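> Sharing a model prediction with you, sequence too.
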Amino acid sequence: QVQLVESGGGLVQAGGSLRLSCTASGRTFSSSAMGWFRQAPGKEREFVGGISRSGGNTYYADSVKGRFTISRDNAKNTVYLQMNSLKPEDTAVYFCAARTPAMGPTSIVSDYRYWGQGTQVTVSS
């Protein structure tokens, strides 16, 4: 069983930055591709970005490409989402998710087995 805990959300003005962290319990973190997703009120959960097990490959939604960066520290069982140039439309609850070990990252919600509880990000205009 893997437990994921996100932190780092908050209120920020448009153009500002935030860094989210997601720390995992368990011994399979380094074997698991990770993803970040977000869900705004009244909308479906959407893919933000993903990172491979080693951290060597990252993938982003077009809406955040060039502004958001995903990284991971396997020694700390933690994955990060650095968010720059934030826009009001980035306001959402942000979730990290882990795939079953040995599977690669995807943009599909149902491909991820483990989920955190989410952290709220609010960007004011």
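Received the coordinates, thanks.
> Now do the SS call for the residue nearest in space to the middle of the chain.
In the chain, the centroid-proximal residue (CA atoms, centre = their mean) is residue 36; its distance is 2.3 Å. Under DSSP: H, G, I helix; E, B strand; the rest coil, residue 36 falls in the strand class.
> Would you mind measuring from it to residue 11?
Here residue 36 is placed at a distance of 19 Å from residue 11 (CB to CB, to the nearest Å). Backbone N, C-alpha and C define where each C-beta goes, glycine included.
> picking up where we left off before, excluding chain neighbours, what is closest to the residue nearest to the centre of the chain?
Among residues not flanking residue 36 along the chain, residue 48 sits closest, at 4.2 Å (CB to CB, 6 or more residues apart in numbering).
> gap between that neighbour and residue 113?
In this view, residue 48 and residue 113 are 18 Å apart by CB to CB.
> and what of residue 79?
As for residue 79, its distance to residue 113 is 15 Å (criterion: CB to CB).
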